[in-house]
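**Student:** predicted structure and sequence below. I'll ask about it afterward.
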2 protein chains.
Amino acid sequence: MSQPADTPQPPYYAVIFTSLRSGEDPEAYAQTSQDMFAKVTEQPGFLGVETARGEDGLGITVSYWDSLEAIAAWRADADHQTAQRLGRETFYRSYHLRVATVERAKPWRR
Amino acid sequence: MSQPADTPQPPYYAVIFTSLRSGEDPEAYAQTSQDMFAKVTEQPGFLGVETARGEDGLGITVSYWDSLEAIAAWRADADHQTAQRLGRETFYRSYHLRVATVERAKPWRR
């Protein structure tokens, strides 16, 4: 998670999850986050993930996938469903979830 | 920038810019960043922007646009071109730039 994800040539899919923390129950948030990151990387069709949260509380997590079916399967995962419920009940003040098709990509490094 | 962007119904376009800072010249980076954020919001076809940078140096900025032409015009903007050059020469160790079509979106707030 500490560098841009090394994804294949497009097309592939991105789930852009932008959230504003409520600030409630930070310990449970940290544990749930850690559990979900560990689990998402093992999902079929998972290509990579990037995440950042700024000091103002706005966080952006982008996960990359090889199909819409893989995204749907992860969304329906039982542990993930529990995490989503906790997110709405406790962790987040607001969020915006977007599903997108990545059409072009240009990685660069020095 | 301190909350999820209030974008219209899809489809629209997203530019996902993930970067790892070099740590060089933080004053010039801060100024260039501030200038670019002020300018991008005035571009034709601009719908919104979200940005976050974590303590590990990974930053994610997602800008939203109503057309690929609007994205191309912003990429070709002279001040933005200068900023892109500074990014490669000084500010970034690596980055990944992705252009995507947002197909579905679900905003949520308490």
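**Tutor:** In hand now; what should we look at?
**Student:** show me where chain A has helices.
**Tutor:** Along chain A, the segments classed as helices by DSSP state H run A:26-40, A:68-76, A:78-86.
**Student:** I'd like the ones you listed as JSON lines, with mean neighbour count appended.
**Tutor:** Bear in mind the C-beta positions are built from the backbone N, C-alpha and C, glycine included. Formatted as JSON lines, those follow (neighbours: other Cβ atoms under 10 Å in any protein chain shown):
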{"stretch": "helix A:26-40", "mean neighbour count": "14"}
{"stretch": "helix A:68-76", "mean neighbour count": "15"}
{"stretch": "helix A:78-86", "mean neighbour count": "13"}
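**Student:** just tell me which of these ends up closest to B:Arg75.
**Tutor:** Of all these, helix A:68-76 sits nearest to B:Arg75, with 27.9 Å by Cβ to Cβ.
**Student:** how about residues contacting the closest one?
**Tutor:** A:Tyr13, A:Val15, A:Val40, A:Gln43, A:Pro44, A:Gly45, A:Phe46, A:Trp65, A:His80, A:Gln81, A:Gln84, A:Val99 (Cβ atoms under 8 Å, 6 or more residues apart in numbering or on different chains).
**Student:** just those that are near chain B?
**Tutor:** Among the contacts of helix A:68-76, the residues that sit close to chain B (Cβ under 8 Å from any Cβ of the partner chain) are A:Val99.
**Student:** ok, the contacts of helix A:68-76 vs chain B, which is closest?
**Tutor:** A:Val99 (4.4 Å; Cβ to the nearest Cβ).
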